[in-house]
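>>> here is the input, now give the coordinates:
(one chain, ligands or ions: 1)
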Amino acid sequence: MLETTRLTRRRHLVSMDSLVTQAYDLHVKRISGGGVTMTDVTTTIQDLYSQGDMLGRVLAFLKSKGIDAEHPSYEDLHVCDQMHARGVDATREHAEHAEICSGMHVLEVGCGIGGASRFLAKELGCRVTGIDLTQECVDVAQELTLRCGLKEAIDFRQADATHMPFGDAVFNHVWSHNVTMNIQDKEKLALEIARVLKSGGRYSCWELSLGIGKQPFYPLPWASDASSSFLATPDEMVAALERGGLKLVRRIDLNEAYLAYLDDVSDRAQHGEPPTKVDPQALKDRADFLIRVQNCGRSAQEGRLVEHLIIAEKAR
Ligand SMILES: C[S@@+](CC[C@H](N)C(=O)[O-])C[C@H]1O[C@@H](n2cnc3c(N)ncnc32)[C@H](O)[C@@H]1O
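Below is the predicted model:
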């Protein structure tokens, strides 16, 4: 009975979604003239993750939840500081699988507004460095971290994961959560990660990947169209990491929990229930973000998107 209800809901959402997606596609900014350059792609990605007044929106959202926005705890921020499915629950799961320990120096690549960095610093006692391509994300990460008293434990800076501003063999662990979908040159990313990792250090990569090899439906939370979305199949990702000097330790399939989460988001939206936690991207335009999440749902249901975690190690 429950399954039938879910299927009916799914069918309804799929047909509604395709209409909205078609309309949306007409308005998607296309990069004109010949080929698409890296600069175009970088700007497109930065534009997607910038809001202009993200800090104001985050602070207003915290206040609407009755939280002291001047002096929040790092846990208070969990209502809107994780830019990925399943919020801090997924962050915690990622940390457990990655076996992050107290005292490690962790590099968070694509740190967004710093949710996972603060978790690793406060809950696990790590020293953390966070980098992100989008300056506004870095600014918000710094301000929130200052407000919750963790400034000394975390250093945030603007940087591209494929050109990192660090020396060799600096970090015990490199972490990325839902970032690699925006990075075209996976081998270059792997080479950079292997370079900055200490010998025997690990890279944990939580990401969406291509399931059956067919493109997902756009727009998605990380890209409005395929021009800035670079999904690899799990095998392609593992091969790129290995070419870059990182050996696969294990791969964990996260799809079941991902599908259940997407179902829950759709159910709540259909019943007009607000989510308990929001991705900060939704604070800009909730309706637009819902379309993007629903497209994740359609794509994952058809096997076009698969969520997984790869743990890889730099040779000793
Ligand atoms: C979906 S958000 C995830 C943020 C964060 N990991 C989290 O889960 O809360 C993706 C982030 O990756 C960043 N990003 C995309 N491409 C990047 C690159 N080449 N180097 C560094 N950061 C990048 C974006 O600016 C954005 O903040």
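>>> CA atoms for contacts and neighbours, from now on please.
Noted.
>>> after whichever strand or helix holds Val88, heading C-terminal, what element do we hit next?
Using DSSP states H and E, Val88 sits in helix 87-98. Sequence-wise, the next helix or strand downstream of helix 87-98 (DSSP H and E) is strand 105-109.
>>> element containing Phe217?
Per DSSP H and E, there is no helix or strand for Phe217.
>>> my guess is it contacts Gln294. True?
No. Counting by Cα atoms under 8 Å, Phe217 does not reach Gln294; the two are 9.4 Å apart.
>>> more neighbours, these two?
Remark: of Phe217 and Gln294, Gln294 carries more neighbours, 26 against 22, as counted by other Cα atoms under 10 Å.
>>> list the helices and strands the helix or strand containing the more buried one packs on?
Using DSSP H and E, Gln294 sits in helix 286-301. The elements that helix 286-301 packs onto, with contact taken as 3 or more Cα pairs under 8 Å, 6 or more residues apart in numbering; DSSP states H and E, are helix 2-27, helix 255-270, strand 305-314.
>>> return the angle between stretch directions for it and strand 305-314.
Here helix 286-301 runs at an angle of 80 degrees relative to strand 305-314 (axes from the mean of the first three to the mean of the last three Cα atoms, to 10 degrees).
>>> do helix 286-301 and the ligand meet at all?
No. For a cut-off given as Cα under 6 Å from any ligand atom, helix 286-301 has no contacts with the ligand; the smallest distance is 11.7 Å.
>>> buried residues in that helix?
With burial defined by 16 or more other Cα atoms under 10 Å, the residues of helix 286-301 counted as buried are 288-301.
>>> what's near enough to touch the nearest residue to Gly201 once chain neighbours are set aside?
Counting by Cα to Cα, 6 or more residues apart in numbering, Asn172 is the residue found nearest to Gly201 once chain neighbours are left out, at 5.0 Å. Listed by Cα atoms under 8 Å, 6 or more residues apart in numbering, the contact set of Asn172 reads Met104, His105, Val106, Leu197, Lys198, Gly201, Arg202.
>>> how about 10 Å then?
Contact analysis of Asn172 by Cα atoms under 10 Å, 6 or more residues apart in numbering lists 100-101, 103-107, 196-203.
>>> any idea of the mean pLDDT in stretch 215-233?
Stretch 215-233 shows a mean pLDDT of 97.
>>> list the buried ones in it?
216-225, 228-233.
>>> go on, stretch 252-270?
Leu254, Asn255, Tyr258, Leu259, Leu262, Asp263, Val265, Ser266, Asp267.
>>> next one: stretch 175-192
Buried residues in stretch 175-192, counted by 16+ other Cα under 10 Å: 175-184, 186-192.
>>> so which elements touch the longest strand along the chain?
Of all the segments of type strand in the chain, defined by DSSP state E, the longest one is strand 197-210. When contacts are defined as 3 or more Cα pairs under 10 Å, 6 or more residues apart in numbering; DSSP states H and E, strand 197-210 packs onto helix 87-98, strand 105-109, strand 171-177, helix 186-196, helix 234-243, strand 246-253, helix 286-301, strand 305-314.
>>> give me that answer again for 6 Å
strand 171-177, strand 305-314 (3 or more Cα pairs under 6 Å, 6 or more residues apart in numbering; DSSP states H and E).
>>> any idea which of the ones you listed gets closest to the ligand?
Taking Cα to the nearest ligand atom, strand 171-177 is the member of those nearest to the ligand, at 4.4 Å.
>>> is any residue of that closest one near the ligand?
Yes. Using Cα under 6 Å from any ligand atom, strand 171-177 comes into contact with the ligand via Ser176, His177.
>>> tell me, how many residues neighbour Gly149?
14.
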